[in-house]
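S.K.: Compute the structure for the input listed below.
(chains A and B)
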Amino acid sequence: MSQPPSSPPPGEDPAPPGGDRAARDPTNAEIAQALDELADLYELDGAVIHRVIAYRNAARAIREAPVSVAALARRGRATELAGVGRTIQEKVLALADEGAIPALVRLRGKFPAGLVEITRLPGLGPRRARRLFDELGIDSPEKLRRAAQEHRIRQLRGFGPRAEEAILAALAGRERERGERRVVLDRALAIAEPLLEALRAHPAAERVELAGSARRMTDSVRDLDVIATAAEPLALARAAAALDLVESASSPTASGVRLRTHSGMPVELRIVDPEQYGNLLQHLTGAKQHNLALRELAVRRGLHVSEYGVLDDASGQMHRCATEAELYALLGLDYIEPELRENRGELEAARAGTLPRLIELADLRGELHCHTTASDGTASIEEMALAARERGYEYLAITDHSATMGFGSRVSPAQLREQIARIRATEIEGIRLLAGSEVNILPDGSLDYEDALLGELDWVIASVHSSFRMPAEAMTRRIIRAIEHPLVDAIGHPSGRKIEQRPPYQFDLQRVLEAAAATGTMLEINSNPDRRDLDETSARAAAAAGIPLVINSDAHRPGAFAVARFGIATARRAWLTAEQVANTRSWEQVAALRPRNR
DNA sequence: GCCGTTTTCGGCCCGACTGTTTTCAGTCG
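M.R.: Numbering: from 1, shown residues only, chains lettered A, B, ... in the order given. Below you'll find the model as predicted:
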């Protein structure tokens, strides 16, 4: 998961120039990084594993928190985060006030940095790394390589020739993997969906479904999990291995096969008895943290959950579940949608019966962000309107770029007046066209058109398209100034992130949310699969602050309205209901929500 | 170190695999 927008990546200058905050608090990302490092070092130090896990859980909770955890800790309220207790709150305060956590300083002195790197190698964990350090003085990958080549490792009890081979292979693999990236979800689904279709078409196949992180609709994925039931399992596994899009495969068995597609995507196909389908589907859908918490919850009820079933201590009976709903019900939980399975409170809500009714694609009634040939789109107003109507939308805002956009994309004030006239003159039955603009937010926070011209538009979305690398304080003020402009209806792709490409701009999300909540300015969830911006944690915080969200495609061609599924996925991962998203309403209702009408 | 539908103390997921071992610890997903 990417860093929250309020947390600049380490290594970049985070100090606000002339900042009005005397001492800069550590960002959530910095705190989380320190706690993760502490967990690694405690693990090497031989601490009880549950203590290590506690630090990692706290690091995750802090990384995902929508507000400044340092500020929270100063008020003694960081312990309200699940997984943060008094001890870790004190460590957060030490980091904020003294600039360092004493235990971290001490452990850094005890274990060289290269040792942690060694624990990350596949096949080597903290216990084995520690023995290599204690008994052979190995504290870097380079020393490890030499020791393996000189056959010194096999002298250690518990290590043998195979261990040396594995270490050398792991060191080589580590260099290869540096270029290996996660695949953005739309590309992953473009591989998965034809694969699922091909498997479903096979005569031996009964049910075939996507599991794993792709089913949860995460921003990006590393691999694909597919689960199936089949009349003839071995036949289906063999057929899978023989598909055109498969480059290589393990030897197929009745329980499945591991594949690699020509695009390099690893795919695991698992074939299971129909009676256990729910168990395996749940198990493979994850996330890991969700499954872990689910099993802990089950143990408190005397139940043990595995991919094979639910074992009841009292009766000794193994319950098999054909569906996930049965499995959750057995544990006293409402069914949990895959997008929510991240251990972000969904288990507690499922137990209390308070899970939200998540927004669906069909709830969207209009689209409020698209481009035409007037700026950098590829289609006319009419072509975009027809495509939007085809999707069942009742209204469409045409929002081309503004005057300072790059060559070929800019729309001068005069051109915008012409464009408004064209939009007003275009009548297409069944869909209402709105004259809009995606106006640049200039570095000082002012907008790209005069207010008089903006006032002629039905819908104004303001976005940052330049000077991404401003210091956080300046960027925060820039965005807030745009939010406070009475003619700005929404902020487009508010964090500026590109998934697997670039981090968000540095800005203070909390202050931006406060400003939007105060003015009624809406925030966009941009559905472009490379953006999905706001991200799920920020969008959840925005909705909690009472800010209306808009889910937009930012389509530059008619076919691109289909990316709405990714914006919906992010909204669902943000726990959003249809009510919290403005464009699930009629245009009249959206118009009434605009800041200018408040 | 955290936490509470048996608990403020005593727990804290589950199973498969691997290499090295004659019964299992460590790692992984």
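S.K.: drop to CA atoms for contacts and neighbour counts, all remaining ones
M.R.: Will do.
S.K.: From the rest of the structure, what touches the lengthiest strand in chain A?
M.R.: Counting residues, the longest strand found in chain A (DSSP state E) is strand A:432-440. In this structure, residues lying in contact with strand A:432-440 by Cα atoms under 8 Å, 6 or more residues apart in numbering are A:369, A:385, A:394-405, A:419-420, A:423-424, A:426-427, A:447-449, A:457-465, A:492.
S.K.: Up against DNA strand B, what does the stretch 101-250 of chain A have?
M.R.: For the stretch 101-250 of chain A, the contact set with DNA strand B under Cα under 7 Å from any atom of the strand comprises A:119-129, A:154, A:157-164.
S.K.: Which among the residues you listed count as buried?
M.R.: Neighbour-count burial within these applies to A:119, A:121, A:124, A:126, A:128, A:129, A:154, A:163, A:164; the criterion is 16 or more other Cα atoms under 10 Å.
S.K.: Mind putting the residues you listed into JSON lines with distance to residue A:225 and secondary structure?
M.R.: Formatted as JSON lines, those follow (distance: Cα to Cα, whole Å; DSSP: H, G, I helix; E, B strand; the rest coil):
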{"residue": "A:119", "distance to residue A:225": "27", "secondary structure": "helix"}
{"residue": "A:121", "distance to residue A:225": "24", "secondary structure": "coil"}
{"residue": "A:124", "distance to residue A:225": "25", "secondary structure": "coil"}
{"residue": "A:126", "distance to residue A:225": "29", "secondary structure": "helix"}
{"residue": "A:128", "distance to residue A:225": "30", "secondary structure": "helix"}
{"residue": "A:129", "distance to residue A:225": "31", "secondary structure": "helix"}
{"residue": "A:154", "distance to residue A:225": "37", "secondary structure": "helix"}
{"residue": "A:163", "distance to residue A:225": "29", "secondary structure": "helix"}
{"residue": "A:164", "distance to residue A:225": "31", "secondary structure": "helix"}
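S.K.: just these now: which is nearest residue A:261?
M.R.: Nearest to residue A:261, judged by Cα to Cα, of those is residue A:121 at 25.2 Å.
S.K.: distance of the nearest residue to that closest one once chain neighbours are set aside from residue A:113?
M.R.: Once flanking residues are discounted, residue A:121 sits nearest to residue A:170: 6.1 Å by Cα to Cα, 6 or more residues apart in numbering. Residue A:170 sits 18 Å away from residue A:113, going by Cα to Cα, to the nearest Å.
S.K.: Let's see the helix or strand bottoming out on mean pLDDT in chain A as PDB, backbone CA atoms only.
M.R.: Using mean pLDDT, DSSP states H and E, helix A:161-177 stands out as the lowest-scoring helix or strand of chain A, at a mean of 84. Output in PDB follows, covering the C-alpha atoms of helix A:161-177 (Å, rounded to 0.1, in the frame of the first residue of the first chain):
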ATOM      1  CA  PRO A 161      25.200 -27.900   1.100                       C
ATOM      2  CA  ARG A 162      21.600 -27.200   0.000                       C
ATOM      3  CA  ALA A 163      21.500 -24.200   2.300                       C
ATOM      4  CA  GLU A 164      24.600 -22.800   0.700                       C
ATOM      5  CA  GLU A 165      23.100 -23.300  -2.800                       C
ATOM      6  CA  ALA A 166      19.800 -21.700  -1.700                       C
ATOM      7  CA  ILE A 167      21.600 -18.700  -0.200                       C
ATOM      8  CA  LEU A 168      23.600 -18.100  -3.500                       C
ATOM      9  CA  ALA A 169      20.400 -18.500  -5.500                       C
ATOM     10  CA  ALA A 170      18.600 -16.100  -3.200                       C
ATOM     11  CA  LEU A 171      21.400 -13.500  -3.500                       C
ATOM     12  CA  ALA A 172      21.200 -13.800  -7.300                       C
ATOM     13  CA  GLY A 173      17.400 -13.600  -7.200                       C
ATOM     14  CA  ARG A 174      17.500 -10.500  -5.100                       C
ATOM     15  CA  GLU A 175      19.400  -8.700  -7.900                       C
ATOM     16  CA  ARG A 176      17.000  -9.900 -10.500                       C
ATOM     17  CA  GLU A 177      14.000  -8.900  -8.500                       C
END
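S.K.: after it comes which helix or strand?
M.R.: Once the chain leaves helix A:161-177, the next helix or strand it forms, by DSSP states H and E, is strand A:183-184.
S.K.: Please name the strands paired to that next one in the sheet, noting orientation.
M.R.: Take DSSP bridges as the rule and strand A:183-184 pairs in its sheet with strand A:220-221 (antiparallel).
S.K.: I'd like the distance from the partner strand to the chain centre, please.
M.R.: 9 Å (Cα atoms, centre = their mean, to the nearest Å).
S.K.: likewise stretch A:234-253?
M.R.: 31 Å.
S.K.: Can you mark which positions in it are buried?
M.R.: Quick answer for stretch A:234-253 (16+ other Cα under 10 Å): A:234-238, A:240-241, A:245-246, A:248-249, A:252-253.
S.K.: got the end-to-end distance for that stretch?
M.R.: Stretch A:234-253 stretches 5 Å from its first residue to its last (Cα to Cα).
S.K.: So residue A:170 and residue A:113 - more neighbours on which side?
M.R.: Neighbour totals were compared for residue A:170 and residue A:113, and residue A:170 leads with 19 against 13 (other Cα atoms under 10 Å).
S.K.: in the stretch 151-300 of chain A, what spans have low per-residue confidence?
M.R.: A:175-180 (pLDDT under 70).
S.K.: what about the strands in it?
M.R.: Here the stretch 151-300 of chain A has its strands, by DSSP state E, counting those that start in this stretch, at A:183-184, A:205-211, A:220-221, A:224-230, A:246-249, A:256-261, A:266-271.
S.K.: Need the nearest residue in space to the residue of the stretch 451-598 of chain A found nearest DNA strand B, chain neighbours excluded.
M.R.: In the stretch 451-598 of chain A, the residue that lies nearest DNA strand B is residue A:537 (18.9 Å; Cα to the nearest atom of the strand). Closest residue to residue A:537 apart from its sequence neighbours, by Cα to Cα, 6+ apart: residue A:574 at 6.0 Å.
S.K.: what's the neighbour count on that neighbour?
M.R.: 23.
S.K.: try residue A:393
M.R.: Residues lying near residue A:393 (other Cα under 10 Å) number 23.
S.K.: swap in residue A:172?
M.R.: By other Cα under 10 Å, the residues close to residue A:172 number 12.
S.K.: neighbouring contacts of the least confident helix or strand of chain A?
M.R.: Helix A:161-177 is contacted by residues A:121, A:122, A:123, A:124, A:141, A:145, A:148, A:149, A:151, A:153, A:154 when judged by Cα under 8 Å, 6+ apart.
S.K.: Could you export the residues you listed as TSV, including distance to residue A:523?
M.R.: Output for the contacts of helix A:161-177, formatted as TSV (distance: Cα to Cα, whole Å):
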residue	distance to residue A:523
A:121	42
A:122	42
A:123	45
A:124	45
A:141	46
A:145	51
A:148	55
A:149	57
A:151	60
A:153	57
A:154	59
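S.K.: Restricted to helices, list those residues.
M.R.: A:141, A:145, A:148, A:149 (DSSP state H).
S.K.: Can you tell me which of the residues you listed is closest to DNA strand B?
M.R.: residue A:148 (11.3 Å).
S.K.: give the contact list for the closest one.
M.R.: So residue A:148 contacts A:164, A:165, A:167, A:168 (Cα under 8 Å, 6+ apart).
S.K.: Where neighbours are concerned, which of the residues you listed has the most?
M.R.: residue A:167 (24 neighbours).
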